[in-house]
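Enquirer: mind looking at a prediction? Sequence and model below.
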Amino acid sequence: MKNGQVRQVRQYSRSLARDWKLVANRADSQGLSVSEAHSLLELSTVESLSVQDVADILLIDKSNASRALKSLGKQGLVDFRANNTDRRAKDVFITDAGRDRVTKVHAEADEQVSCALGMLGVREREMVERGLHTYAKALRYCRLQEGFSIRPITGEDDLAVAQVIRVVSEEYGLRAEDGYAVGDPSVDHMSHAYADEGCRYWVVEREGRVVGGGGVAALQGGTGSVCELQKMYFTSECRGRGLGRKLVLKGLEFARSCGYEACYLETTGELREAVSLYEALGFERQDNPLGDTGHEVCELRYLYRFD
């Protein structure tokens, strides 16, 4: 990734923050702070929230959430009641006045966004919506990946990687006797299996523990111009954090640098999350298998072509 691209995205983000008055810390014309407005918006969608709930949703510390909610309370926009299970804690409810204020906040923000979208064509508006959704999701994934790292495998990882492959395979019912990759001889010595040029296996690590992995190698039985994405396994603590996406992209970047023209993979419909990821990244469904992987049981085949 080019540094210039990173700086350009940051510049656009700063511009958005300024136009939305986030830098001025004012969310509406009547002086609500950004944290106050966001607290009201969240409270308007549920029956109640705790102070800690608000802090977690807004990604701020509890003391800042408490100050924002106290300010809203003084304005009569929220009310506090003792929690039924923990008398020391308080639940926060939005008042009728608070709902009226939310309506005004929405009206002002809708007017600003509608004005901007009115300057765009239909396709441009769709691009903006998709782009913002994708960017917001990527930022969320980055936050959820804190404490995890991805690095090349070493010989010391072999036992842990084999355990991950077996545990995940058992979880999804992918048995060696049925022909799934968990039965491959290479499972017990993955570092050696991916030591050759044009091959690479990465592990996902958390607090010194291997919790996932995936690799790239030349497609067995192929011409040498196509590689295969292989042995992508992630334990439950890895999932939902974008780590699979990150590892696949790392694998594709490596494959491209090695001169491969395309990347092939085989999987099964049992791995629904993985299938959705591959299709989202641009892998195209293939009717017939490529090479000689020995995994005929995998009924889904995909190919990613490098430009």
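Expert: Yes, it's here.

Enquirer: I'd like to know which elements the lowest-mean-pLDDT helix or strand in the chain is packed against.
Expert: In the chain, no helix or strand scores lower on mean pLDDT, DSSP states H and E than helix 3-19, which sits at a mean of 88. Helices and strands touching helix 3-19, by 3 or more Cβ pairs under 8 Å, 6 or more residues apart in numbering; DSSP states H and E: there are none. From N, CA and C alone the C-beta is placed, and that goes for glycine too.

Enquirer: change the start of the numbering to 169 and stick with it
Expert: New numbering, starting at 169: the last item is helix 171-187.

Enquirer: convert the helix or strand that it is followed by to CSV, retaining C-alpha atoms only.
Expert: For helix 171-187, the succeeding helix or strand toward the C-terminus, using DSSP states H and E, is helix 202-211. Extracted C-alpha coordinates of helix 202-211, given in CSV (Å, rounded to 0.1, in the frame of the first residue of the first chain):
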residue,chain,number,x,y,z
VAL,A,202,-20.9,15.3,19.4
SER,A,203,-20.9,12.8,22.3
GLU,A,204,-24.2,14.2,23.6
ALA,A,205,-25.8,13.9,20.2
HIS,A,206,-24.5,10.4,19.6
SER,A,207,-25.7,9.3,23.0
LEU,A,208,-29.2,10.6,22.3
LEU,A,209,-29.3,8.9,18.9
GLU,A,210,-28.4,5.6,20.4
LEU,A,211,-30.8,6.0,23.3
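
Enquirer: the nearest residue to residue 415 once chain neighbours are set aside in helix, strand or coil?
Expert: Nearest residue to residue 415, sequence neighbours excluded (Cβ to Cβ, 6 or more residues apart in numbering): residue 382, at 4.7 Å. Here residue 382 is strand, with the state taken from DSSP: H, G, I helix; E, B strand; the rest coil.

Enquirer: if we can go back for a sec, mind saving the C-alpha coords of the least confident helix or strand of the chain as CSV?
Expert: These are the backbone C-alpha positions of helix 171-187, laid out as CSV (Å, rounded to 0.1, in the frame of the first residue of the first chain):
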residue,chain,number,x,y,z
ASN,A,171,2.0,6.0,1.6
GLY,A,172,0.5,8.6,-0.7
GLN,A,173,-2.8,6.7,-0.8
VAL,A,174,-2.9,6.5,3.0
ARG,A,175,-2.3,10.2,3.4
GLN,A,176,-5.0,11.0,0.8
VAL,A,177,-7.6,8.9,2.6
ARG,A,178,-6.7,10.6,5.9
GLN,A,179,-7.1,14.0,4.2
TYR,A,180,-10.5,13.1,2.9
SER,A,181,-11.4,11.9,6.4
ARG,A,182,-10.3,15.2,8.0
SER,A,183,-12.4,17.1,5.5
LEU,A,184,-15.5,15.0,6.3
ALA,A,185,-14.9,15.6,10.0
ARG,A,186,-14.7,19.4,9.5
ASP,A,187,-17.8,19.6,7.3
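
Enquirer: residue ranges for the helices of the stretch 319-468 of the chain, please.
Expert: 326-339, 358-361, 411-425, 440-448 (DSSP state H, counting those that start in this stretch).

Enquirer: check contacts around residue 419.
Expert: Neighbour list for residue 419: 368, 370, 382-384, 397, 431 [criterion: Cβ atoms under 8 Å, 6 or more residues apart in numbering].
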